[in-house]
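A.B. asks: Let me see the structure of the following:
(one chain, ligands or ions: 1)
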Amino acid sequence: MSRGHTGAMSDAPRTLALEHLRAAPGERATGMVPVNLGSATVQIPVVIINGARPGPRVGATAGIHGAEYVSIAALRRVAMSLDPAEMTGSLVASLVSNPAAFAARSIYVDPLDGRNLNRTFPGDPAGGPTERLAAWLYANIIVPSNRFIDCHCGDMNEALVSFNGIEETGDPDVDRVTLAMAQAYGLDYLVYGPTPGSTTTAAAAAGIPAVLGEVGGQGLWPEQDVALHAAGLRRALHAAGLIPDPGDGPRRTTRVLHAEAWLRSDATGFWHPTVGVGERVEEGQVVGEVQNAFGATIRLVHAPMPGVVLFIVSSLAMNTGDPLLAIAD
Ligand SMILES: [Zn+2]
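C.D. replies: A predicted model of the protein is given here:
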């Protein structure tokens, strides 16, 4: 359903609005929202749901990285299946937050300027395309919200264990809500730590409880992964105070991890990891090697710390400066 602007008479105090979209209490509205990025205008599919009763506003994004399909499919499923009559508060969901990256099947970056959107928040409305996109999402989805959820997965070239990410703000009220949402989301691991320039770090800096969810990857969207992510999202929305308990059955056992190390390649060649996602490694252990075109080892890659392998780049092609894998403990 797409609802046009219906004039000032409909803008009663409890009407939820975003650009041209309007939803009265108990209504859902959907539509493509144009965002001017300077060199191009993109169309972002947005769902706004105004619950029957007033309550917290929850902002949610997927597709910040355009080829992370499990998260895009899961947020779309949840946003289109919630019953506004049962909701206390509102949801504003951006289903494909970087449309140019989605269309180009682009890994990591926005093809309009080659920048990583999730390292660009809170953005700059007078900057380049990715900075403008970040600024629009920050102003329209993140800042007006009382709680924020960003849905990701491994990119087209990444395999990962399922995990939630949060950080501590020092404000006990914010941190309590953040932790409750992350525990309800309930993926395999809960990883603490800021990621400068990311949606969730920008939200936390603005005093908004914010949770990252990561399930699946490698350019696939198997039903098992979409269902796992969607169930976690619904539980997090319940913890946010938005929807009744979805009663999704037993949770996974979440393990908490604090320190995190991202390994990047200092060589270009063929990447051969020797560990798997979710595997426990020791400090100094060989976790993979970069080979030249003829199979000779040009770099051995060692774990800089003990911990669990969170994600692994799964493409054979490797470039200097590219991520290899991440370890957390
Ligand atoms: Zn991502």
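
A.B. asks: neighbours of the single nearest residue of the stretch 151-300 of the chain relative to the ion, just the number please.
C.D. replies: Closest residue of the stretch 151-300 of the chain to the ion, C-beta to the ion: residue 152 (3.5 Å). Just so you know, the C-beta spots here come from the backbone N, C-alpha and C atoms, and that holds for glycine as well. Residue 152 has 28 neighbours, counted by other C-beta atoms under 10 Å.

A.B. asks: In this structure it contacts residue 213, no?
C.D. replies: Yes. Shown here, residue 152 and residue 213 form a contact pair, counting by C-beta atoms under 8 Å, at 6.9 Å.

A.B. asks: Pull up the overlap in contacts between the two.
C.D. replies: residue 71 (C-beta atoms under 8 Å, 6 or more residues apart in numbering).

A.B. asks: Please look at residue 326 and residue 308 and confirm they touch.
C.D. replies: No. Counting by C-beta under 8 Å, residue 326 sits too far from residue 308 to count as a contact (9.5 Å).

A.B. asks: can you pull the pLDDT of residue 158?
C.D. replies: Here the pLDDT value assigned to residue 158 is 96.

A.B. asks: Could I get the contacting residues of it?
C.D. replies: Residues near residue 158 by C-beta under 8 Å, 6+ apart: 217, 218, 311, 312, 313, 314, 323.

A.B. asks: Pick out the most distant pair among these.
C.D. replies: 218 and 323 (14.3 Å; C-beta to C-beta).

A.B. asks: Mind pulling up the pLDDT for the nearest residue to residue 291 once chain neighbours are set aside?
C.D. replies: Nearest residue to residue 291, sequence neighbours excluded (C-beta to C-beta, 6 or more residues apart in numbering): residue 270, at 4.5 Å. We have a pLDDT of 98 for residue 270.

A.B. asks: ok, now residue 13?
C.D. replies: So residue 13 comes in at 65 (pLDDT).

A.B. asks: do the longest helix belonging to the chain and the ion meet?
C.D. replies: Secondary structure of the chain per DSSP state H: the longest helix is helix 223-239. No. Helix 223-239 stays clear of the ion (C-beta under 5 Å from the ion), getting no nearer than 12.7 Å.

A.B. asks: now the strands for the stretch 201-329 of the chain?
C.D. replies: For the stretch 201-329 of the chain, the strands defined by DSSP state E, counting those that start in this stretch occupy 210-214, 255-257, 260-264, 269-273, 280-281, 286-291, 297-302, 307-313, 317-318, 323-328.

A.B. asks: Can you say which of those strands is packed in most?
C.D. replies: Highest mean neighbour count of those: strand 210-214, a mean of 29 (counted as mean count of other C-beta atoms under 10 Å).

A.B. asks: Need the nearest residue in space to residue 55, chain neighbours excluded.
C.D. replies: Residue 55's closest residue in space is residue 89 (C-beta to C-beta, 6+ apart), at 2.9 Å.
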